[in-house]
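1. Mind looking at a prediction? Sequence and model below.
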Amino acid sequence: MQVRPGATRTRWLTAAVFFLLSIAVPRVVLAQDISCDRGDSTKEVRALKFEGNATFNDDELSARVIVTASSFTHRYFRWLFNAGAARCLPEGGLSDDVERLKNFYKNNGFYETKVEPTVTPIGQDQVDVIFKITEGPPLRANTFVITGLDSVPDSAAIVRNLPIGKGRPAGLLLVAQAMDSITSRLRNAGYPHAEVLRTFSANASQRTASVELQVLTGARARIGTINITRAGPDAEKPPQIDSGVVLRLLGFRSGDWYSDRALTNARRNLYNLGTYLHVGIEPDTTSEPTDPLIGISVDLREDFMHQIQPEEGWAQLDCFRLSATYTDKNFLDRAQRLDVTGRVSKLGFGEPTHWGPLCDRGLLEQDSIASSKLNYYFGATVRQPTLFGGKWVPAYSAYTERRGQFKAYLRTTFVGTDVSATRNIAVTTPFRLGYTLEYGQTIAEPAFLCALFTLCTPEEQATVQRKLPLGVASASLQQVRVDNVVEPRAGYIASAELRGSSRFIGSNDSLEFIKGFVDGALYRPVTSRITLAMRLRGGAIGGTNLPPPQERLYAGGAGSVRGFQQNELGPVVYLVDSAKTKFIFGPDSTTVAFVTTDSSSASRTIPTGGNRLVVANVELRIRDPFIPNLLEYVPFVDAGDVFTSHTGSARNVNLAVTPGLGLRYFSPIGPIQVNAGYNPQRTRAGPAYFTPPVRANGAAPLICVTAPGAPLAFVQLAKDGKTLLQNVDSNCPASFVPTVSNNFFSHFVLTFSIGTDF
């Protein structure tokens with residue numbers, strides 16, 4: 001069939017109808033009845049299978065037919081509230097689906113394809129549907145000619161890697177794909193009026209096809225006048241961003257070769273600024289195919305440029321917290337974004353605000369390090385619109401900060417800077433590169449340093465708690481594809497981060513490390529009121545040194561394994577009361593060992609974290625049938641492990657599994673959740689220490705205490721035979737298990753959080 005160049009509108013209308021018919025066939029399912037409530041004679045489709053298909057996979061073929069298998073949740077969990085969707089055989093049978101499959105194969109060049117459906121009964125009311133396909137040989141192009149590209153520079157790039165060629169399979173869909181590829185490449189190479197006409201003839205008996213593509217390029221055009229129309233957010237607000245700034249942000253200018261891709265990138269970049277409510281960028285549709293210049297119309301409507309966002313709240317570990325962010329979306333009149341952020345937490349408990357009557361003092365008083373002082377963050381970030389041709393968005397930050405990890409450490413950054421660049425490699429997939437340089441100090445629990453780094457005297461601990469520079473390079477990737485960011489019911493969230501520190505990028509050599517972390521969450525609707533949510537997290541730290549406290553991996557708590565208190569999954573260190581110990585002299589009376597009594601309990605538990613982490617969460621989110629907008633019940637099972645693996649050693653993952661039940665209330669400030677996690681183990685063995693009342697030179701070392709029956713750890717005595725100097729053996733055995741109640745209810749751990757746990 002020869003298409004005349006003059007019949008452009010008719011050709012495009014015909015092509016559009018053909019294209020819609022070829023891809024919209026599977027959408028007809030929306031108008032067909034495959035429900036299972038049409039009567040007793042309906043048969044539920046348990047499985048849909050294809051056999052003999054070598055060219056196209058099952059997913060491609062299943063998208064072309066009406067018949068559909070019941071959902072995964074209905075097939076395997078229908079006993080649970082009749083979960084999922086049940087789907088039955090179409091009312092008209094499978095003949096229409098057979099024709100759809102044959103047409104799909106024919107449009108791809110397979111003129112001899114045979115399709116035979118088989119329906120196999122499974123039980124009383126279920127069937128399996130199998131389409132047995134004999135594809136047969138495809139048509140092959142004995143001639144394939146492209147004309148009209150003689151005047152195009154680098155025409156080889158325009159026709160590279162097309163889906164059809166001489167001697168290769170030939171079909172109408174393959175020809176349409178080739179036409180689309182050529183048209184798109186030309187319109188990105190300066191030909192805004194490019195079109196492709198086709199001649200396709202098939203000889204089914206000889207299994208050959210003749211294909212000719214005639215390219216009508218039109219004149220190669222440069223971008224001419226760029227007309228910018230601006231408007232404020234309302235009639236009383238004039239536009240704030242100057243036209244000259246807009247021209248710079250577009251990424252193209254007058255005189256550049258025309259490109260569809262350049263217009264699309266400019267539209268996306270302007271939207272990403274957050275400064276516009278509407279962005280329209282279109283070529284002049286009245287220009288002729290012979291015009292060497294093409295005008296561009298840019299239509300913009302601005303949003304409000306200044307914003308203040310305050311936030312307040314309360315949490316178990318933060319007590320009262322306040323934050324506020326001021327945003328200027330047109331900083332220095334260059335469409336740069338300035339965010340000034342202030343945040344404080346531990347209000348009412350951390351010094352100098354030790355006054356809050358509503359703080360959870362029973363919990364916070366167990367933490368003499370991270371919760372002892374007010375935590376804060378004050379910083380400013382400037383984000384430029386684009387960098388490197390509009391693909392990267394850079395940001396520059398300066399800040400001061402104090403933050404802690406419960407019972408583990410307190411990190412104070414006196415001054416810090418961060419430089420980063422972010423690029424969206426897909427619409428919902430930002431990729432970030434960053435570099436942070438801080439001058440700060442990390443203070444950790446003395447028992448933490450003694451057990452982990454064998455630094456047990458105040459003098460030794462002071463050496464690792466100095467003010468030091470820390471430089472960290474990082475790369476992170478995240479993809480968010482959920483139907484609702486706050487309370488997702490379908491979709492997934494996946495993220496990964498790699499970060500490391502080295503003396504070559506500004507760190508002190510004692511702070512070197514490399515760290516990787518991955519996190520993924522999956523959401524699936526079970527019924528209209530029930531959502532299945534699953535998450536898997538993993539992390540590892542490498543390097544020759546043990547990582548610094550602020551980079552170690554921790555787990556346990558409301559957002560992790562809910563059968564443990566915050567950070568207490570994994571290695572722990574115990575502090576015991578010296579009054580609950582007895583001492584045993586060594587053979588020469590110059591050393592002494594301390595042993596706990598059988599009834600000893602720990603006065604404090606200190607988590608040390610690890611360099612390996614794995615956490616898994618599975619939960620059902622069940623909305624209350626009477627007040628679904630206010631209450632949700634969350635039965636869950638959590639599992640995880642945190643441990644330290646030294647260089648050259650290996651350790652099998654030993655998951656701690658804790659089931660439980662949560663209650664979530666949807667308040668005006670966000671979801672508030674209380675969890676009760678059942679921990680069958682409750683406590684883990686670990687090193688135990690105490691600080692003796694007798695001091696040498698005004699400072700007392702931490703002294704190892706061993707459990708009854710464990711190998712003794714001896715302490716050196718001074719010449720007076722009384723003063724404790726230091727541990728003879730720096731490795732304190734991890735054999736102490738504090739005495740706890742065996743009451744059934746004592747195995748439940750209560751955690752509290754604001755916001756969904758994942």
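-> Structure's in. What do you need? Numbering: from 1, shown residues only.
2. can you give me the strands for the stretch 251-400 of the chain?
-> 276-283, 293-302, 306-315, 319-331, 336-347, 375-383, 393-405 (DSSP state E, counting those that start in this stretch).
3. What mean pLDDT does the fourth one get?
-> What that stands for is strand 319-331. The pLDDT scores in strand 319-331 average 93.
4. The last one too?
-> In this model, strand 393-405 carries a mean pLDDT of 93.
5. go on, the shortest one?
-> Regarding strand 276-283, the rounded mean pLDDT is 92.
6. Flag every buried residue along that strand.
-> 276, 279, 281, 283 (16 or more other Cβ atoms under 10 Å). In short, each C-beta sits where N, CA and C put it, glycine included.
7. Nearest to Pro121, out of these: which one, please.
-> Distance to Pro121 across the buried residues of strand 276-283 (Cβ to Cβ) is lowest for Val279, with 56.9 Å.
8. if I look at the closest residue to that closest one other than its chain neighbours, how far off is Thr386?
-> The shortest distance from Val279 to any non-neighbouring residue, by Cβ to Cβ, 6 or more residues apart in numbering, is to Leu270 (4.6 Å). Look at Leu270 and Thr386: by Cβ to Cβ, to the nearest Å, they are 10 Å apart.
9. Compare those two and say which one has the larger neighbour count.
-> Just comparing Leu270 and Thr386: by other Cβ atoms under 10 Å the higher neighbour count belongs to Leu270, 26 against 22.
10. Which helix or strand lies directly C-terminal to the lowest-mean-pLDDT helix or strand in the chain?
-> Within the chain, no helix or strand scores below helix 8-24, which has a mean of 38 by mean pLDDT, DSSP states H and E. Going down the chain from helix 8-24, the next helix or strand is strand 44-51, by DSSP states H and E.
11. Pull the residues that contact that next one.
-> Strand 44-51 has contacts (Cβ atoms under 8 Å, 6 or more residues apart in numbering) with 34, 36, 58, 61-62, 65, 67-70, 75, 86-89, 122, 125-133.
12. With distance to Val215 as extra columns, can I get the strands of the stretch 251-400 of the chain in JSON lines?
-> Output for the strands of the stretch 251-400 of the chain, formatted as JSON lines (distance: least, Cβ to Cβ, whole Å):
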{"stretch": "strand 276-283", "distance to Val215": "20"}
{"stretch": "strand 293-302", "distance to Val215": "19"}
{"stretch": "strand 306-315", "distance to Val215": "50"}
{"stretch": "strand 319-331", "distance to Val215": "45"}
{"stretch": "strand 336-347", "distance to Val215": "44"}
{"stretch": "strand 375-383", "distance to Val215": "43"}
{"stretch": "strand 393-405", "distance to Val215": "37"}
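13. so which of the ones you listed comes closest to Thr527?
-> strand 306-315 (31.9 Å).
14. Show me the helices in this structure, by range?
-> Ranges of helices in the chain, per DSSP state H, are 8-24, 58-62, 72-77, 95-107, 155-158, 172-187, 243-250, 260-272, 361-364, 446-453, 458-464.
15. Would you mind finding the most buried of those helices?
-> Of all the helices of the chain, helix 446-453 has the most neighbours on average by mean count of other Cβ atoms under 10 Å, namely a mean of 24.
16. From the contact counts, what lies against that helix?
-> In terms of contacts (3 or more Cβ pairs under 8 Å, 6 or more residues apart in numbering; DSSP states H and E), helix 446-453 is packed against helix 458-464, strand 572-576, strand 688-690.
17. Distance from it to the middle of the chain?
-> 33 Å (Cα atoms, centre = their mean, to the nearest Å).
18. Show me what it is in contact with.
-> Residues contacting helix 446-453 (Cβ under 8 Å, 6+ apart): 408-409, 455-456, 458, 460-461, 464, 546, 549, 571, 573-575, 606, 608, 644, 686-687, 689, 691, 702, 732.
19. Among these, name the buried ones.
-> Among these, the ones that count as buried (16+ other Cβ under 10 Å) are 408-409, 455-456, 460-461, 464, 546, 549, 571, 573-575, 606, 608, 644, 686-687, 689, 702, 732.
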